[in-house]
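Engineer: The following comprises the amino acid sequence and a computationally predicted model.
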Amino acid sequence: MATTEFDQRQSGWVTFAAVLLFAIGFMRIISAISYLANSHRINDFTNGVFTGHMWAWGIWDGIIAALALYAGYSLLNNGGFGRFIAYAWAILVIVQSFLIIGIAPWYAALSILISCLVIHGLASTANSRAV
């Protein structure tokens, strides 16, 4: 009985990655609302990918937030599809971070670090169950 309970537990790295995804997801929801409200506290993104269209940045952050929250929830339930979404999310955030590194360097560097931690957490545990 004790071995079956131990086998069903997931790695601490996967749980850590899920918690990071939840934290980033909620942070991105707040930043998406800020972009959609066209807040004055936002950096000047006129030289970015979406130029000065704050609504596009808000939609983009909303999509990233939804992916992060879904991946975190699926990872906590040992979902293999959540693992795939988490990898895709991390790669997407790394690409976005390189696109905005000239505009917000500390934010981009922190995003790259968190994405690398998520990738490490998922890659260090090969024990996953298919959907």
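Structural biologist: Okay, I see it.
Engineer: for the host helix or strand of Phe84, the distance to its chain's centre please.
Structural biologist: Assigned by DSSP states H and E, Phe84 belongs to helix 80-100. Remark: helix 80-100 is offset 6 Å from the chain centroid, using Cα atoms, centre = their mean, to the nearest Å.
Engineer: Would you mark the buried spots in it?
Structural biologist: 82-83, 85-87, 89-90, 92-94, 96-97, 100 (16 or more other Cβ atoms under 10 Å). Where C-beta positions appear, they are placed from N, C-alpha and C, glycine not excepted.
Engineer: From the contact counts, what lies against that helix?
Structural biologist: Helices and strands touching helix 80-100, by 3 or more Cβ pairs under 8 Å, 6 or more residues apart in numbering; DSSP states H and E, are helix 12-36, helix 54-76, helix 105-123.
Engineer: want to try JSON lines for those helices, with mean pLDDT and mean neighbour count as columns?
Structural biologist: JSON lines is the format used below for the helices and strands packed on helix 80-100 (pLDDT from 0 to 100; neighbours: other Cβ atoms under 10 Å):
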{"stretch": "helix 12-36", "mean pLDDT": "87", "mean neighbour count": "18"}
{"stretch": "helix 54-76", "mean pLDDT": "87", "mean neighbour count": "20"}
{"stretch": "helix 105-123", "mean pLDDT": "91", "mean neighbour count": "16"}
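Engineer: quick revisit: how about TSV for the buried residues of helix 80-100, with pLDDT and distance to Ser34 added?
Structural biologist: Listed next are these as TSV, based on pLDDT from 0 to 100; distance: Cβ to Cβ, whole Å:
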residue	pLDDT	distance to Ser34
Gly82	85	27
Arg83	88	30
Ile85	88	24
Ala86	87	25
Tyr87	91	27
Trp89	88	20
Ala90	89	23
Leu92	88	20
Val93	87	18
Ile94	93	22
Gln96	85	16
Ser97	90	18
Ile100	82	15
